[in-house]
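# Whatever this is, show me its structure:
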Amino acid sequence: MKLARIGLVANVRKREIRDVVSTVLSLVPRGVEVCGLAETADLASAGSVRRVDSFGGCDAVLALGGDGTLLVAARMVADEEIPLLGIKIRSLGFLTEDDPKRAVGDLFAGRCAIQSRMRLEVVCPGGGAGSQSYTALNDAVIHGVGVSRVIHLATTIDGTVLGEYLADGMIVSTPTGSTAYSLAAGGPIVNPTSLEAFVITPLCPHSLSVRPIVVSASEILSVELVEDAQETLLTIDGQQSRAVGRGETIVFRRGRKVTKLIVTEGYRFY
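Next up is the predicted model:
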């Protein structure tokens, strides 16, 4: 993989982030340009990271922090499908490497591979402004706000009724997101390197018969908010949110773009 220009995304809230950025920069070969947004560039010594407004033209982007930081970076490069290497810093990091020196060294030595991870596209009715579309690497969650009260959701798959849920909400995740919030809510683990599917995981359903469901990514899921007992939100990858009103139907389908993850030699999902 050609690496003439790389981007950096760093979690500035990590207390050791300056040292990690310095370590990573020391491993970048001479002649490779490094760029970052203002908050990341400010962590580096003067002139070592060029300030940019986007990562267009980068051959790869390094996300320093944890899975949350990688999700932020994935949203930044979603349209360009720029490969991402995540490096964990004292946090949850199922999608990230835990040794900066080894990960960056392997990257520039060519001891790595690129995996294409499917994204979830979420389309919401938009009233007078037209529909709104979002994409997620991990998941989209329909949930209430404030004091916990159940919401009423009706679901269909390709126009066929799947079921109705009285629950605190619902998670729709990709295989990559199956090890995140969905797993914590009792959903199954799906291998993102070999399967393309959606995991539908109800949150605290008020029924003994309602269980998580795995459906093909070639199918289209529609979820209608039949009635709500509180303010209801749709949250994308834990980063973007919008209000959902009674009678609105949200459509979930496989995204047209993928997220390319860089993994080092010897990576095995299991």
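# Just the pLDDT at K260, thanks.
Looking at K260, its pLDDT is 98.
# secondary structure class for it?
strand (DSSP: H, G, I helix; E, B strand; the rest coil).
# hang on, it packs against E81?
Yes. K260 is within contact range of E81, at 5.7 Å (criterion: Cβ atoms under 8 Å). (C-beta placed from N, C-alpha, C; glycine too.)
# Does G93 touch D67 like I think?
Yes. If you go by Cβ under 8 Å, G93 and D67 touch, sitting 5.6 Å apart.
# These two: which is more packed in?
It is D67, of G93 and D67, that has more neighbours when counted by other Cβ atoms under 10 Å, with 22 against 18.
# State the distance from the closest residue to the more buried one other than its chain neighbours to R256.
Leaving out its chain neighbours, the residue that sits closest to D67 by Cβ to Cβ, 6 or more residues apart in numbering is L95, at 5.0 Å. Look at L95 and R256: by Cβ to Cβ, to the nearest Å, they are 21 Å apart.
# which of those two has more neighbours?
L95 (27 against 8).
# Could you look up the SS state of the residue nearest to D67?
Applying three-state DSSP: L95 is coil.
# ok, back up a step: so if I had to pick from K260 and E81, which one is more boxed in?
Counting neighbours by other Cβ under 10 Å for K260 and for E81 shows that K260 has the greater number, 18 against 13.
# Helices of the protein, residue ranges please.
Counting by DSSP state H, the chain has helices at residues 17-26, 38-41, 67-76, 100-109, 181-184.
# can I get those helices in TSV with distance to S218 and mean pLDDT?
Shown next, in TSV, are the helices of the chain (distance: least, Cβ to Cβ, whole Å; pLDDT from 0 to 100):
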stretch	distance to S218	mean pLDDT
helix 17-26	39	93
helix 38-41	38	90
helix 67-76	22	95
helix 100-109	33	93
helix 181-184	20	96
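# Pick the most deeply packed of the ones you listed.
helix 67-76 (a mean of 23; mean count of other Cβ atoms under 10 Å).
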